[in-house]
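[1] got a structure for you, letters missing:
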């Protein structure tokens, strides 16, 4: 089946090349050819939306929906989605249903984090990002996952983050602990001086707030680095 999909995509590519056009596989074609794990967040939303509307292509609409999901509070996300041009009741319902389905299978109160690296499978897709993304996972007193949030998006090698942004939502969650994660698009897993300084600031802030900082993970497509496992900043 995979070979057939690749063949179909290649045939379309060759045909468009002959016509002087550049063919780009659709999100659905990429899913069938390479698996759902290969898709970006925007590609996944594109598949859920199915189509755009007049004046709003589906890719552009998916980008706006993705930004809304990243920034809106849980209580206001439905209202914020409906404010996006092209997001009628049907498309909004599809997005909300997919979020709830994901939450029920991998969300709040269902995943117990026995060690920080248990979080890796849920954040590994961020290793595909071309910019640094700084994430914060909040946990309750039973070490059950509450939510994973994107705190900031930076450049190729840096995401500026302040303790205020990191712990703001964790306080709202009444979190007992947090785990920090960020990706290194360069593929170099070694923590930078900025990474170390940031972790020290976050650890100091966590002690003041009474929210335990369990670990800070750096991820790439091939490996990960745990500050706690290396006894860097954290006590051994």
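    Ah, there it is. These numbers come from a predicted model, not from an experiment.
[2] can you give me the neighbour number for residue 231?
    10 (other Cβ atoms under 10 Å). Just so you know, the C-beta spots here come from the backbone N, C-alpha and C atoms, and that holds for glycine as well.
[3] what kind of secondary structure is it in?
    Here residue 231 is recorded as coil under DSSP: H, G, I helix; E, B strand; the rest coil.
[4] so it versus residue 195, what's the distance?
    To residue 195, residue 231 is 15 Å away according to Cβ to Cβ, to the nearest Å.
[5] ok, now residue 35?
    31 Å.
[6] of those two, which one has the most company?
    Taking neighbours as other Cβ under 10 Å, residue 35 and residue 195 compare with residue 195 leading, 22 against 10.
[7] so the more buried one makes contact with residue 218?
    Yes - using Cβ atoms under 8 Å, residue 195 is in contact with residue 218, at 6.8 Å.
[8] between those two, which contacts overlap?
    residue 182 (Cβ atoms under 8 Å, 6 or more residues apart in numbering).
[9] would you map the helices across this protein?
    Secondary structure of the chain (DSSP state H): helices at 2-18, 27-34, 41-49, 58-71, 77-82, 89-106, 120-123, 163-172, 193-209.
[10] report all helices and strands that the third one contacts.
    Under the contact criterion of 3 or more Cβ pairs under 8 Å, 6 or more residues apart in numbering; DSSP states H and E, the helices and strands touching helix 41-49 comprise helix 27-34, helix 58-71, helix 89-106.
[11] cool, and the fifth one?
    Counting contacts by 3+ Cβ pairs under 8 Å, 6+ apart, helix 77-82 packs against helix 58-71, helix 89-106.
[12] residue 131 is nearest to which of those?
    helix 58-71 (13.0 Å; Cβ to Cβ).
[13] which residues touch the closest one?
    Under Cβ under 8 Å, 6+ apart, the answer for helix 58-71 is 41-43, 45-46, 49-53, 77, 80-81, 84, 86-87, 95, 99, 150.
[14] run the angle between it and helix 41-49 for me.
    Angle of helix 58-71 versus helix 41-49, following axes from the mean of the first three to the mean of the last three Cα atoms, to 10 degrees, is 110 degrees.
[15] would you mind giving the domain segments of this structure?
    The chain breaks down into these domains under automatic domain parsing: 2-106, 116-226.
[16] most tightly surrounded among those?
    domain 116-226 (a mean of 17; mean count of other Cβ atoms under 10 Å).
[17] pLDDT averaged over it - what is it?
    Mean pLDDT, computed over domain 116-226, is 90.
[18] mind checking how far it is from the chain centre?
    11 Å (Cα atoms, centre = their mean, to the nearest Å).
[19] what does stretch 219-236 give?
    Counting by Cα atoms, centre = their mean, stretch 219-236 comes out at 20 Å from the chain centroid.
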